[in-house]
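Trainee: what follows is a predicted structure for the sequence shown.
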Protein chains: 2
Amino acid sequence: MPAIDHRVGIRGSLHDIYTALTTDAGLSRWWTTDTEGAGGVGSIIHFRFNGGGPDFEVIELQLDRRVRWRHSGSMPEDWMGTEISFELIQADDQVFVRFRHSHWKTASDFMARCSTKWGVFLLSLKDAIETGAGRPFPHDVPIDHSE
Amino acid sequence: MPAIDHRVGIRGSLHDIYTALTTDAGLSRWWTTDTEGAGGVGSIIHFRFNGGGPDFEVIELQLDRRVRWRHSGSMPEDWMGTEISFELIQADDQVFVRFRHSHWKTASDFMARCSTKWGVFLLSLKDAIETGAGRPFPHDVPIDHSE
């Protein structure tokens, strides 16, 4: 099945990056400022963009190594059944974050748009850790004129 | 086979965007300043990044609509056999550029890295058209600390 893959390299600690992926405060720094519900396995995280947005259930946590979510609820419809994973890999002078949004039904225009947008948000995560200034929604970099 | 998909929306004319994808001067404004060989179907474009880089053969041109390349030569090895396409779609107040880099053998870490980097370069294309200031290599946005 089609998937979106990305990889960025961040100068920061494994734990700071893991925290940015597993807490409301951390996720609010790079994806959307309106994030609620992050917790242990089984928790449901509500990500909101002007009121609407996806929910994800946390389905796997390996401290400082791996985070995995399964889409929950019905918005956006094309994300139903999809999963997201973040793998953290320590290299010499950076931590690689390997991102995957998998189980898409088709490589639609919407998937292509989400692919570009995920890249923007992962660079926002990089900036949040390296400079303290991420660009979460509603401060995110626009990729088209439909936003 | 795994593929990289992106989509950006650009305020500009179909023809300006098509020119940015089909001429040395245009490609130099957003991918790499060291670009040579762009021409009609059958031409080989040499994209260089500090000396090395990929060659692509132009395999399809539909004026102001579609551009397709097939990888040529042996660098980088993982790109051998891959193809790249750009579709231009006029919408109300923007032109969507649908990008696809297809025929990857595996969804490797290198593919994930290229996916993020293609997003950065497509936003560079957007900026080149909208503001006149793209960020082609060597002025591109870094996505890790290996560059």
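Mentor: Ah, there it is. On a predicted model such as this, the values are computed, not experimentally measured, just so you know. Numbers count the residues shown, from 1 in each chain, chains lettered A, B, ... in the order given.
Trainee: burial of A:Gly52, as a residue count?
Mentor: 9 (other C-beta atoms under 10 Å in any protein chain shown). From N, CA and C alone the C-beta is placed, and that goes for glycine too.
Trainee: and it, how far is that from chain B?
Mentor: 20 Å (C-beta to the nearest C-beta, to the nearest Å).
Trainee: not counting its neighbours along the chain, what's nearest that residue?
Mentor: Once flanking residues are discounted, A:Gly52 sits nearest to A:Met75: 6.0 Å by C-beta to C-beta, 6 or more residues apart in numbering or on different chains.
Trainee: again, but for A:Leu63
Mentor: Per C-beta to C-beta, 6+ apart, closest to A:Leu63 is A:Tyr18, 6.8 Å.
Trainee: and the one you found, that's in a helix?
Mentor: Yes: secondary structure of A:Tyr18 (DSSP: H, G, I helix; E, B strand; the rest coil): part of a helix.
Trainee: mind listing what it touches?
Mentor: A:63-65, A:67, A:88 (C-beta atoms under 8 Å, 6 or more residues apart in numbering or on different chains).
Trainee: which one's the longest helix in chain A?
Mentor: Longest helix of chain A, by residue count under DSSP state H: helix A:109-131.
Trainee: which helices and strands sit right next to it?
Mentor: Here helix A:109-131 touches strand A:4-10, helix A:14-22, strand A:95-102, strand B:4-10, strand B:95-102, helix B:109-131, going by 3 or more C-beta pairs under 8 Å, 6 or more residues apart in numbering or on different chains; DSSP states H and E.
Trainee: in CSV, list those along with distance to B:Leu27.
Mentor: Listed next are these as CSV, based on distance: least, C-beta to C-beta, whole Å:
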stretch, distance to B:Leu27
strand A:4-10, 24
helix A:14-22, 35
strand A:95-102, 28
strand B:4-10, 15
strand B:95-102, 14
helix B:109-131, 9
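Trainee: interface residues of chain A facing chain B?
Mentor: A:2-11, A:93-94, A:96, A:98-100, A:107, A:109, A:111-113, A:115-116, A:119-120, A:122-123, A:126, A:141, A:143-146 (C-beta under 8 Å from any C-beta of the partner chain).
Trainee: how close does the most centrally placed residue in chain A get to B:Cys114?
Mentor: For chain A, A:Trp31 is the residue whose C-alpha lies nearest the centre (C-alpha atoms, centre = their mean; 6.4 Å). For A:Trp31, the distance to B:Cys114 equals 23 Å [C-beta to C-beta, to the nearest Å].
Trainee: export the longest helix of chain A to CSV, keeping only CA atoms.
Mentor: Taking C-alpha atoms only, helix A:109-131 is exported to CSV below (Å, rounded to 0.1, in the frame of the first residue of the first chain):
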residue,chain,number,x,y,z
ASP,A,109,-3.5,14.0,-4.9
PHE,A,110,-4.5,14.4,-1.2
MET,A,111,-1.8,11.9,-0.2
ALA,A,112,0.8,13.9,-2.3
ARG,A,113,-0.3,17.1,-0.6
CYS,A,114,0.0,15.4,2.9
SER,A,115,3.5,14.1,1.9
THR,A,116,4.8,17.7,1.2
LYS,A,117,3.1,19.0,4.3
TRP,A,118,4.6,16.3,6.5
GLY,A,119,8.0,17.3,5.2
VAL,A,120,7.3,20.9,6.3
PHE,A,121,6.2,19.8,9.8
LEU,A,122,9.2,17.5,10.3
LEU,A,123,11.4,20.5,9.5
SER,A,124,9.3,22.4,12.0
LEU,A,125,10.2,19.6,14.6
LYS,A,126,13.9,20.0,13.6
ASP,A,127,13.7,23.8,14.2
ALA,A,128,11.7,23.4,17.4
ILE,A,129,14.5,21.2,18.9
GLU,A,130,17.5,23.1,17.4
THR,A,131,16.4,26.7,17.7
